[in-house]
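> model this:
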Amino acid sequence: MIMRNYRLFFIIINIVFLNNTMIMSQNATNNLQKYVYYKQRFLSSFIAVGNGQAESIPLLIRMVKPTVNDSDQFSLGDAPINLGWYIASLATEYKNLNDNGQNTELTVKELWYALEAFNRLDFMAEDYLQSIYYNTIFKTKQS
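Have a look, this model is predicted:
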């Protein structure tokens, strides 16, 4: 019985004290470095910021072709959902930059283009869905 208690005590001490020395925690500097890296990667590879067609809408999938003659393939997927996440991350970025007294000009510009992309999608969807709706109604009534 005493031997069992010593084993249990040793296991508890090992779990509580020795394993804690091996755990790496995150810190603000590492998180900022990761954020800057992934933000630049996102801006260079997964989005084209602007007010044109298919701009400021995050890509869902991007496949880079290994040869020069092949073109890259990409998919916007469910664009409004991904665009919503993008707008939320830009709003969070704006809040963090503003709270720390840093320049928010580029974030505001990106946010404006993202909101314009949402409005553009909404406008185009209304025209597209209205044409489908009217074609469906008139075709079924004429038949």
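> quick check: longest helix of this protein.
Secondary structure of the chain read by DSSP state H shows that its longest helix is helix 105-142.
> Quick check: buried residues in it?
Judged by neighbour count (16 or more other CB atoms under 10 Å), helix 105-142 contains these buried residues: 107, 110, 111, 113, 114, 117, 118, 120. C-beta coordinates here come from the backbone N, C-alpha and C atoms, glycine included.
> In TSV, list those residues along with pLDDT and distance to residue 49.
Formatted as TSV, the buried residues of helix 105-142 follow (pLDDT from 0 to 100; distance: CB to CB, whole Å):
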residue	pLDDT	distance to residue 49
107	95	11
110	96	6
111	96	10
113	96	6
114	95	8
117	93	9
118	92	14
120	90	14
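> roughly how far is the longest helix of the chain from the heart of the chain?
Distance of helix 105-142 from the chain centroid (CA atoms, centre = their mean, to the nearest Å) equals 22 Å.
> Determine the set of other helices and strands touching that helix.
When contacts are defined as 3 or more CB pairs under 8 Å, 6 or more residues apart in numbering; DSSP states H and E, helix 105-142 packs onto helix 79-99.
> Could you take the buried residues of helix 105-142 and lay them out as TSV, with extra columns for distance to residue 59?
Shown next, in TSV, are these (distance: CB to CB, whole Å):
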residue	distance to residue 59
107	20
110	15
111	18
113	15
114	14
117	13
118	16
120	16
